[in-house]
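[1] let me see the structure of the following:
(one chain, ligands or ions: 2)
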Amino acid sequence: TIRPLILLPDPKLREVSKPIERVDDAVRKFADDMLETMYDAPGIGLAAIQVGEPRRLLVLDVAEKDAPPEPQVFINPEIVARSEERSVHEEGCLSIPDYYAEVERPAAVTVKYIDLDGKEQKVEANGILATCLQHEIDHLNGVLFIDYLSKLKRDIVVRKFKKLAKDRPPPA
Ligand SMILES: O=C(O)C[C@@H](Cc1ccccc1)C(=O)SCC(=O)c1ccccc1
Ligand SMILES: [Zn+2]
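    Residues are numbered from 1 along each chain as shown. Ligands and ions are numbered 1, 2, ... in the order given. Here you go, the predicted model:
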């Protein structure tokens, strides 16, 4: 089931999501809905809060275009190590549509998480996977990529989305 996306300036995007207690079939069904919603957008990642669920679950697929999809599900992810080296990548956000900006982040991160079988996992990520994991884990803490921009740039974006929200019909 494709779930409606929450857009800036909805304050729900600023909530801190809560850990998932048990990985059961309901969680697995929700992860499926998240992946379906992500591919439909389309996007390369999606955090549960972006469909209104303040739960620590994110999905991503950073496989190259025209390559087979590689869906990944991260439950209660934690960044346990960050490289000193940093890298800059252009980022977008499905909750801030049609706005892209360069963001600097640690180039590599080590992330501990629980997978859909309820097993503890650990991954050492770099490149676009590191960028996307950090962007999604930020969502679980109510942080958006525009928070890394200058106040001037961030205020311009927020003002634009506040205006759009006025013109947009309220959710049913
Ligand atoms: O809002 C999100 O979490 C999704 C976001 C993830 C992300 C993109 C770029 C850098 C870091 C994290 C997106 O997927 S925005 C859409 C996008 O970047 C894209 C869409 C289609 C093909 C390729 C990229
Ligand atoms: Zn985002």
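
[2] which residues touch the closest residue to ligand 1 within the chain?
    When Cβ to the nearest ligand atom is the measure, the chain has its nearest residue to ligand 1 at residue 43, with 3.0 Å between them. C-beta coordinates here come from the backbone N, C-alpha and C atoms, glycine included. When contacts are counted by Cβ atoms under 8 Å, 6 or more residues apart in numbering, residue 43 is found next to residue 94.

[3] gap between it and residue 49?
    Note on residue 43: its distance to residue 49, by Cβ to Cβ, to the nearest Å, is 14 Å.

[4] tell me the SS of the residue of the chain closest to ligand 1?
    At residue 43, secondary structure determined by DSSP: H, G, I helix; E, B strand; the rest coil is coil.

[5] repeat that for residue 74.
    strand.

[6] excluding chain neighbours, what is closest to it?
    Once flanking residues are discounted, residue 74 sits nearest to residue 113: 4.3 Å by Cβ to Cβ, 6 or more residues apart in numbering.

[7] bridging residues for the one you found?
    Judged by DSSP bridges, the bridge partners of residue 113 are residue 121.

[8] residue 133 belongs to a helix?
    Yes: going by three-state DSSP, the assignment for residue 133 places it inside a helix.

[9] can you pull out the low-pLDDT segments for this structure?
    171 (pLDDT under 70).
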